[in-house]
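Chemist: curious how this folds, go ahead:
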Amino acid sequence: MAENENNKVALDDKSAKVQEKPKPKKEKKEKKPSKLGMKLKNLKSEFKKITWATPKATFKSFGVVLVGMVVAATVIGVIDFGLSSLFDFLLRTISF
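Modeler: This is a model prediction of the structure:
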């Protein structure tokens, strides 16, 4: 009988422990951000990923672009002058 009483006490202890557990509090429903809000949040995170060039690298790139433009303009000018001269020559030699 002592065992039955111990079992009852043990069961009572277990049920007491179950009852002592705090009930989970109801969580407040979080508002889902709107599509615009999500896009702005993503935009902000993308802006944080940008790495800007140093001023030294910027001026170096500017120099490369400037030289490239001068070279391209010169080549186009020489071709234009040559074709114009050729066209004038052909017009003078061929008479209508």
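Chemist: which regions of the protein sit below the pLDDT cut-off?
Modeler: Scanning the chain for pLDDT under 70 picks out 1-29, 96.
Chemist: and if we set it to 90?
Modeler: 1-39, 52, 94-96 (pLDDT under 90).
Chemist: longest helix anywhere in the protein?
Modeler: helix 55-93 (DSSP state H).
Chemist: by contact count, what packs against that one?
Modeler: With contacts defined as 3 or more Cβ pairs under 8 Å, 6 or more residues apart in numbering; DSSP states H and E, helix 55-93 has no helix or strand neighbours. For glycine as for every other residue, the C-beta is placed from the backbone atoms N, C-alpha and C.
Chemist: how many neighbours does residue 46 have?
Modeler: 9 (other Cβ atoms under 10 Å).
Chemist: how close does it sit to residue 53?
Modeler: Relative to residue 53, residue 46 is positioned 18 Å away (Cβ to Cβ, to the nearest Å).
Chemist: other residues contacting the strand or helix carrying residue 36?
Modeler: According to DSSP states H and E, residue 36 maps onto helix 35-48. Residues from elsewhere that reach helix 35-48 (Cβ atoms under 8 Å, 6 or more residues apart in numbering): residue 33.
Chemist: convert the C-alpha atoms of it to PDB, please.
Modeler: Coordinates of the C-alpha atoms in helix 35-48 are reproduced here as PDB (Å, rounded to 0.1, in the frame of the first residue of the first chain):
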ATOM      1  CA  LYS A  35       4.700  46.400 -50.400                       C
ATOM      2  CA  LEU A  36       6.100  49.900 -50.600                       C
ATOM      3  CA  GLY A  37       7.500  49.600 -47.100                       C
ATOM      4  CA  MET A  38       9.200  46.400 -48.000                       C
ATOM      5  CA  LYS A  39      10.700  47.900 -51.100                       C
ATOM      6  CA  LEU A  40      12.000  50.900 -49.200                       C
ATOM      7  CA  LYS A  41      13.500  48.600 -46.600                       C
ATOM      8  CA  ASN A  42      15.200  46.500 -49.300                       C
ATOM      9  CA  LEU A  43      16.400  49.700 -51.000                       C
ATOM     10  CA  LYS A  44      18.000  50.800 -47.800                       C
ATOM     11  CA  SER A  45      19.800  47.500 -47.400                       C
ATOM     12  CA  GLU A  46      21.000  47.700 -51.000                       C
ATOM     13  CA  PHE A  47      22.400  51.200 -50.500                       C
ATOM     14  CA  LYS A  48      24.400  49.900 -47.500                       C
END
